[in-house]
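>>> Task: produce atomic coordinates for the following.
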Amino acid sequence: MRLNLIPREERFYDMFVEDAANVLGAARLFEAMLRTYDNPEDRAREIRDAEHVGDEISHEIGRRLEKTFVTPFDREEIHALISALDDVIDFIEESADTFILYRIEAPTAVAVQQAAIIVKQCEQLHEALTNLRGFKGLEKYWIEVHRLENEGDQLARKAIADLFSGGGHPLEVIKWKEIYGLLEQTIDKAEDVANIIERITIKHA
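Take a look at the predicted model:
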């Protein structure tokens, strides 16, 4: 009987996909929360649950790294990838919680558009990680994530400019400036994941 002393590195790829799918699920919950806004507290709770699942996946990947001699690529790159995915879901959770904490009565059209951009980015990241084995044909995914980040950047800048030129209540202006900023940071964090995937691909292709 042949003993398999080296755990199969393929399991890592499956776990990256699992992690990305969980982040995508949280992004979709957040977009649904803003689009319907019928029970935001329950949606925010579901997003918190997804964030806890993400933590578990990250810890499991960390445990596997400690036991594995041969990894799919550098350990530092694996840590960077998982950490960046964690950042995305953390920011999604914080954004959802902020709507509750600030007692936002209804989201703006801009916030819904930003949430939709986050979902589209997470879809691209999930697809990229699903196809990571072989390190081929991934360029289209990170290019689209960058394009979406640019779109989000322009959207946030205009929205914040409009806030300060609209003569709105100062407290509302402060609230929405922070929310738009948080959502823009979430979009930036998704781009960070794309940058890491690009680095890994170029190094190992």
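>>> where in the protein is pLDDT low?
For the chain, applying pLDDT under 70 flags the ranges 1-9.
>>> Could you pull up the contacting residues of the residue nearest the centre of it?
Geometric centre of the chain, nearest residue: residue 88, 3.3 Å, by C-alpha atoms, centre = their mean. Residues in contact with residue 88, defined by C-beta atoms under 8 Å, 6 or more residues apart in numbering, are 23, 27, 122, 186, 189-190, 193. Placement of C-beta: from N, CA and C, glycine included.
>>> can you map out the helices along the protein?
Taking DSSP state H, the helices of the chain run over residues 10-36, 40-67, 75-101, 109-130, 139-165, 170-204.
>>> Just list what the fourth one packs against, helices and strands only.
Read it as helix 109-130. Secondary-structure packing of helix 109-130 (3 or more C-beta pairs under 8 Å, 6 or more residues apart in numbering; DSSP states H and E): helix 10-36, helix 75-101, helix 139-165, helix 170-204.
>>> one more time with 6 Å, if that's ok
Judged by 3 or more C-beta pairs under 6 Å, 6 or more residues apart in numbering; DSSP states H and E, the packing partners of helix 109-130 are helix 10-36, helix 139-165, helix 170-204.
>>> cool, the second one as well?
In this structure, helix 40-67 packs against helix 10-36, helix 75-101, with contacts taken as 3+ C-beta pairs under 6 Å, 6+ apart.
>>> Could I get the buried residue list for it?
Residues 40, 43-44, 46-47, 50-51, 53-54, 57-58, 61, 64 are the ones in helix 40-67 that count as buried (16 or more other C-beta atoms under 10 Å).
>>> Export those to JSON lines and append columns for distance to residue 169.
Shown next, in JSON lines, are the buried residues of helix 40-67 (distance: C-beta to C-beta, whole Å):
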{"residue": "40", "distance to residue 169": "21"}
{"residue": "43", "distance to residue 169": "26"}
{"residue": "44", "distance to residue 169": "24"}
{"residue": "46", "distance to residue 169": "31"}
{"residue": "47", "distance to residue 169": "28"}
{"residue": "50", "distance to residue 169": "33"}
{"residue": "51", "distance to residue 169": "32"}
{"residue": "53", "distance to residue 169": "38"}
{"residue": "54", "distance to residue 169": "36"}
{"residue": "57", "distance to residue 169": "42"}
{"residue": "58", "distance to residue 169": "41"}
{"residue": "61", "distance to residue 169": "46"}
{"residue": "64", "distance to residue 169": "51"}
